[in-house]
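# Here's a sequence, model it:
(one chain, ligands or ions: 1)
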Amino acid sequence: MANAKRCSHCGAVFPGNLNVCPYCGRKYKKPLSSRWWFIVLMIVGGLFLIMLIGTLLGELGKPDVRSPEEIAETEYMEVTVDDLYDALLANQLAAEDTYVDAFVAVTGELSYIDANGEYIKISGSTYDMMCDIETTEVLDKVKTLVIGDTITVKGQIKSIDSLGYYMDIEGIE
Ligand SMILES: [Zn+2]
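Below you'll find the model as predicted:
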């Protein structure tokens with residue numbers, strides 16, 4: 001049937017020149033998907049969704065870097081690499097409780113500089129910890145250091161496992 005319409009109420013198919021369904025007597029309504037405003041709504045909604053997803057992905061991709069103001073206001077817990085490992089060896093669970101997410105100023109000896117500029121390691125008497133370089137300011141500072149220097153690394157401890165501590169660096173002194 002050319003230009004046939006399908007009744008949205010009873011589902012019957014009838015000639016396209018009729019505006020009332022001859023089977024159930026209800027007025028013919030265009031299906032939602034062929035109304036102009038529905039199509040516009042879908043396009044706008046779709047674009048909005050794409051933007052939203054893009055924004056969320058952008059946020060996820062960003063390193064978790066705090067502003068200089070936030071950093072300046074932070075009171076860092078002063079510890080040494082040995083303090084951290086003594087705590088870890090004594091009780092890993094308690095160490096996790098105390099130090100994960102804590103802002104610390106850790107003093108130790110610079111023992112390793114990653115050639116890709118992704119991290120450094122600082123050592124105590126026995127163990128060393130991984131410190132991630134997150135900003136170009138920190139990277140520039142690292143370029144001026146020498147293995148064996150005693151440094152204080154300020155930042156946030158991100159995690160602990162049986163191998164040690166992992167932190168993000170906010171500054172080095
Ligand atoms: Zn009908």
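
# Return the distance of the residue nearest to the spatial centre of the chain relative to the ion.
In the chain, the residue lying closest to the centroid (Cα atoms, centre = their mean) is Leu60, at 3.0 Å. For Leu60, the distance to the ion (Cβ to the ion, to the nearest Å) stands at 50 Å. For glycine as for every other residue, the C-beta is placed from the backbone atoms N, C-alpha and C.

# Could you verify that that residue is part of a strand?
No. When DSSP: H, G, I helix; E, B strand; the rest coil is applied, Leu60 is found to be helix, with no strand at that position.

# Show me what from this structure comes close to the ion.
7, 9-10, 12, 21, 23-24 (Cβ under 5 Å from the ion).

# Just the buried residues of the residues you listed.
7, 21 (16 or more other Cβ atoms under 10 Å).

# now the residues of the chain next to the ion as CSV including pLDDT?
Below are the residues of the chain next to the ion laid out as CSV (pLDDT from 0 to 100):
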residue, pLDDT
Cys7, 90
His9, 89
Cys10, 93
Ala12, 92
Cys21, 93
Tyr23, 93
Cys24, 94
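
# would CSV of the residues of the chain next to the ion with secondary structure and distance to Phe48 be doable?
Shown next, in CSV, are those (DSSP: H, G, I helix; E, B strand; the rest coil; distance: Cβ to Cβ, whole Å):
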residue, secondary structure, distance to Phe48
Cys7, coil, 34
His9, coil, 32
Cys10, coil, 36
Ala12, coil, 37
Cys21, coil, 36
Tyr23, coil, 40
Cys24, coil, 38
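
# In JSON lines, list the residues of the chain next to the ion along with distance to Ile169.
Converted to JSON lines, the residues of the chain next to the ion look like this (distance: Cβ to Cβ, whole Å):
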{"residue": "Cys7", "distance to Ile169": "69"}
{"residue": "His9", "distance to Ile169": "68"}
{"residue": "Cys10", "distance to Ile169": "70"}
{"residue": "Ala12", "distance to Ile169": "72"}
{"residue": "Cys21", "distance to Ile169": "72"}
{"residue": "Tyr23", "distance to Ile169": "75"}
{"residue": "Cys24", "distance to Ile169": "73"}
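
# Helix, strand, or coil at Val138?
Val138 ends up helix, using three-state DSSP.
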